[in-house]
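Participant: below: sequence and its predicted model.
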Amino acid sequence: MAGILSFSTPLGHRPLPIPGAPRGMGLLGVLVLLGALALGPSFGWAQPASPETQGGIPKEEMEKAWFAHREILEKGDWERSRAELEKVYQWKLDQGIRNHYSYALALIRESERAAKREIGVAASELLLYAERMAPDFSEVKRARAAWLGSHAFDSFGNAAQSVWSWFQGFFLSFANPDEAIPRLANLTFWLLLSFFLTFAAFSFSCFLRHYSFFNHHLRHLVGLRISPVPMMFLSFLLLLSPLFLDLGWMWLFALWTLAFWTYGRWTDRVVTLVLVGLLLLLPAGVRFHASLVHSLTGKGVPEILRANYGAWDEELYQKLLSMNREKPEDADVLMALGLVEKRMGKYAAAEQRFSLGARLPPKGLALHNLGNVFLATNRLEMAMEAYQEAARLDPSRPETYYNLGQANLLKLRMKEAEAEFQRAKGLEPAKISYHTGIASKNPNRLVMDRTLDPGRVWERVLVPSAESDRIARSFWELLWKGIPLDHGEMGMAALLGLLGLVHLGSRRIPVIRHCERCGTLICPLCNPLRGAGIQCLPCQNAFTANPAADLEVVRKKRGEVARYQTRVHLLPQRISWILPGMGHLMRGRSLEGIVYLFVLTLMATRFVWWEGWVPLPLSPAASRSVSGLVMAGLLFLLFYGFVQYRMECIRLQEVKSHFQRT
């Protein structure tokens, strides 16, 4: 296949416009004239007898068309199959549905099967229909990217379009609230858990490296001659006190970072400062995650989103009625209920909802949709008044000018209609082009309904509630006991301030260190002479030209140094085999090590919760696919190999430096 793959339909079948493909301005006048001739001055509808027949073919006929499409497609007759599929698509438009995810997912699977059967035209056009069924669905873009990627060798344009389509899908996955809310719930949990594990690993590395310093310094603070075992028991009692007091794990790790601040290098202190600073964001992150989780089952967000952008049905309608009875003043539920009733043909009920909604913010949205009800029941003057008031309240909304143009068109005010269409087109050309392409006498297609803005949806998601607060507190208490979540930011700021006090106090503490050759503890308080330089006196005597030195003592000391150096250089490397990044921390490379540890925790938690802590309802198939696991495995092997390579470079560099000093 040469050239860029086409997603348009063959000649003889005019493709419907897709969002993102604006038409030329010269077509607008032609569309206006054709609409006037088609609709005429006697335009109007009667009340539908049944919601099942509202807006075109009955639902039963649509279902027959869908099953007929699938049966004919299995026989390989794409032309007849497409004719049946077109009926389903037209039914979806007649219902006022923007995103019908179920049909889009089914069409993606059918496209994959058609590709395996080498029916190229059907595979590409099934993806086109999947996009028409759900234009805001990221999986459609990803499926298109995969299709183009499979033909990337045919043309460079295919490869470029594949990459661009993938990025479009990535953007849509966060722009579309239906997908973004569960995705962000998983993302925030993933980041919070990875940060917690990274903080724990860094604190534990500080414990392993600096415990001997702390224990020795504690002996000086106590001021008593105590045998090593009771001293070790006392130091462990202090360092593990948060667990004994049932304060939670984060208190334990925070205590270790404070206790070992004095003995760390400047890189350790930088990493500690960054991690403790990030703790200031932890309470907000916990609240955000709790709001996302609760919005998936509470607050009415899923129902409101379906009513505005998805496939409504009788079950959804009954849920909205129940929610409206519980909270009659909830404007979002009121607007969602009115939209469903208007699309079902229950105009009297919809008019009542929108009239009530016009008293609540956002008034412009209610007035706009109230105008649609007036227009559907042939009350054109009242519809125009409602549109004009809505335009006065929200002058930047193209839908209102478009509908006002349609109302003028129905009254044969051609000049005014064209002016309104031009104004709407100037504000948002792609959206207006899409709706002019699908417009018909159907009341759900002639005018544009105003749906809830995504910003308003996010306000509802993030608004505090008793249930989301309960979820947040439960999660918070697993980490921090003793500090209420309401005062979480103050508690974390106090911890940061306490770290500053520890830093000021550490200036008066003598530096305790290990001999760089044999690892012997060098304490200026115990023996000032032994604290000279970075080596203990026995090592200085053993590795300098001293005729009076005992050769046997020197030989033993050098053997001790050799064993210690082998252990010091090999142990971090072996630890790195198990926990990539931990070896860098053990060697004092904290800045590099903390990055590797965070990447490791991201990969590990992603593997454990491969399908997400919160299930993604719009996932086309099981996320734990073979290709996904293979790709994740390859990325981990590349990361693991790079970390081990860096660890070996550090080991060789330190060995070389050690022998140069020798």
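Facilitator: Received it, and whenever you're ready, just let me know what you need.
Participant: phi first, then psi, for residue 589.
Facilitator: According to degrees, to the nearest 10, the main-chain angles of residue 589 amount to phi -90, psi 70.
Participant: no no, residue 559
Facilitator: Summarising the backbone geometry of residue 559 under the convention degrees, to the nearest 10, its torsions are phi -70, psi -40.
Participant: next one: residue 514
Facilitator: Here the main-chain torsion angles of residue 514 (degrees, to the nearest 10) amount to phi -100, psi 150.
Participant: same thing with residue 510?
Facilitator: Dihedral angles of residue 510 (phi, psi; degrees, to the nearest 10) stand at phi -60, psi 150.
Participant: hang on, residue 103 packs against residue 85?
Facilitator: No - if you go by Cβ atoms under 8 Å, residue 103 and residue 85 don't touch, sitting 9.2 Å apart. From N, CA and C alone the C-beta is placed, and that goes for glycine too.
Participant: overlap in contacts, the two.
Facilitator: Shared contacts of residue 103 and residue 85, defined by Cβ atoms under 8 Å, 6 or more residues apart in numbering, are found at residue 66.
Participant: out of these two, which sits in the more crowded spot?
Facilitator: Set side by side, residue 103 and residue 85 show more neighbours around residue 85, with 26 against 21, by other Cβ atoms under 10 Å.
Participant: check the residue nearest to that one when sequence neighbours are not counted and give its pLDDT.
Facilitator: Excluding the flanking residues, the one nearest residue 85 by Cβ to Cβ, 6 or more residues apart in numbering is residue 69, at 4.5 Å. Reported pLDDT at residue 69 in the predicted model: 95.
Participant: same for the helix or strand containing residue 69, what does it pack against?
Facilitator: When elements are defined using DSSP states H and E, residue 69 is found to belong to helix 59-74. Counting contacts by 3 or more Cβ pairs under 8 Å, 6 or more residues apart in numbering; DSSP states H and E, helix 59-74 packs against helix 78-94, helix 101-116.
Participant: mind doing that once more with 6 Å?
Facilitator: helix 78-94 (3 or more Cβ pairs under 6 Å, 6 or more residues apart in numbering; DSSP states H and E).
Participant: who touches the helix it packs on?
Facilitator: Under the contact criterion Cβ atoms under 6 Å, 6 or more residues apart in numbering, helix 78-94 has outside partners 55-57, 62, 65-66, 68-69, 72-73, 100, 122, 129, 132, 438, 442, 444-445.
Participant: so for the helix holding residue 69, what gets flagged as buried?
Facilitator: Taking 16 or more other Cβ atoms under 10 Å as the basis for neighbour counts, the residues of helix 59-74 that come out buried are 62, 65-66, 68-69, 72-73.
Participant: also stretch 74-85?
Facilitator: Counting neighbours by 16+ other Cβ under 10 Å, one finds that the buried residues in stretch 74-85 are 78, 81-82, 84-85.
Participant: got it, and stretch 296-309?
Facilitator: Taking 16+ other Cβ under 10 Å as the basis for neighbour counts, the residues of stretch 296-309 that come out buried are 296, 299-309.
Participant: and the residues you listed as a markdown table, adding secondary structure?
Facilitator: Converted to a markdown table, the buried residues of stretch 296-309 look like this (DSSP: H, G, I helix; E, B strand; the rest coil):
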| residue | secondary structure |
| --- | --- |
| 296 | coil |
| 299 | coil |
| 300 | coil |
| 301 | helix |
| 302 | helix |
| 303 | helix |
| 304 | helix |
| 305 | helix |
| 306 | helix |
| 307 | helix |
| 308 | helix |
| 309 | helix |
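Participant: looking at those residues, which is nearest residue 180?
Facilitator: Distances from residue 180 to the buried residues of stretch 296-309, taken as Cβ to Cβ, are shortest for residue 305 (10.4 Å).
Participant: measure the closest one to residue 399 for me?
Facilitator: Distance, residue 305 to residue 399, using Cβ to Cβ, to the nearest Å: 18 Å.
Participant: cool, residue 539 as well?
Facilitator: From residue 539 over to residue 399 (counting by Cβ to Cβ), the distance is 82 Å.
Participant: and these two? Which one has more around it.
Facilitator: For the pair residue 539 and residue 399, the greater number of neighbours falls to residue 399 (26 against 21), based on other Cβ under 10 Å.
Participant: so who does that one touch?
Facilitator: Going by Cβ under 6 Å, 6+ apart, residue 399 touches 448, 450.
Participant: and it, what element?
Facilitator: Mapping residue 399 onto the secondary structure by DSSP H and E places it in helix 398-410.
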